[in-house]
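>>> Only the shape, not the letters, is given here:
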């Protein structure tokens with residue numbers, strides 16, 4: 001996950017915490033905390049959890065709309081049970097829809113940033129940052145025939161993340177408008 005406030009709010013993927021009876025967070029300094037689920041959104045595959053801590057270092061938001069194809073980015077996580085790992089790559093596409101969130105939601109929302117930064121199981125929920133340390137997305141998926149990194153990773157853009165987590169923190173659920181039109185089949 002990515003710490004987004006000094007008082008312990010953390011954003012991660014819904015698929016990381018989905019179905020958990022208990023959520024534990026271990027920080028880079030090896031301190032462990034029990035986390036409380038604030039809210040989750042299967043449609044975007046995002047969740048917000050909270051640990052009881054003060055004075056935590058946290059990421060500042062960037063602007064994912066300003067990212068450019070070819071821009072260097074860094075993916076941070078704990079892949080393959082390794083300690084903190086950072087990989088570098090470039091933004092190779094924007095606005096990708098993969099239909100992977102359909103596995104957990106009837107109304108998926110997808111507009112991924114595609115990168116070639118190496119992301120593996122264990123990177124899910126971790127940050128994608130700019131070279132100056134701004135959060136521009138939450139790593140969510142890879143395209144892989146083997147289950148391990150095969151060249152493309154997909155990140156939820158921070159501009160979507162900001163809206164979803166603001167709603168989860170304020171309302172406990174995401175506020176979306178739906179057009180109530182049905183047509184006969």
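Alright, I've got the coordinates. Note that the structure is a prediction, hence the values are computed from the model and not measured.
>>> ok, how many other residues are close to residue 20?
12 (other CB atoms under 10 Å). No exception for glycine: its C-beta is placed from N, CA and C like everyone else's.
>>> residues touching it, list them.
When contacts are counted by CB atoms under 8 Å, 6 or more residues apart in numbering, residue 20 touches residue 37.
>>> how about it, secondary structure?
Judged by DSSP: H, G, I helix; E, B strand; the rest coil, the three-state class of residue 20 is coil.
>>> Shouldn't residue 183 be within a helix?
No: with three-state DSSP as the criterion, residue 183 is located in coil rather than a helix.
>>> now it: how far from residue 177?
According to CB to CB, to the nearest Å, residue 183 and residue 177 sit 19 Å apart.
>>> try residue 49
Note on residue 49: its distance to residue 177, by CB to CB, is 27 Å.
>>> out of the two, which sits in the busier spot?
Counted by other CB under 10 Å, residue 49 and residue 177 do not tie: residue 49 has more neighbours, with 25 against 5.
>>> Run a quick neighbour tally on residue 61.
Neighbours of residue 61 under the rule other CB under 10 Å: 13.
>>> repeat for the one 3 residues further on
A count of neighbours around residue 64, defined by other CB under 10 Å, yields 24.
>>> wait, what's in contact with it?
Contact criterion CB under 8 Å, 6+ apart gives 113, 136-137, 157-160 as the residues in contact with residue 64.
>>> Report all helices and strands that the longest helix anywhere in the chain contacts.
Longest helix in the chain, counting residues (DSSP state H): helix 158-171. Packing partners of helix 158-171 (3 or more CB pairs under 8 Å, 6 or more residues apart in numbering; DSSP states H and E): strand 9-12, strand 32-41, strand 46-51, strand 134-143.
>>> Return the distance of that helix from the chain's centre.
12 Å (CA atoms, centre = their mean, to the nearest Å).
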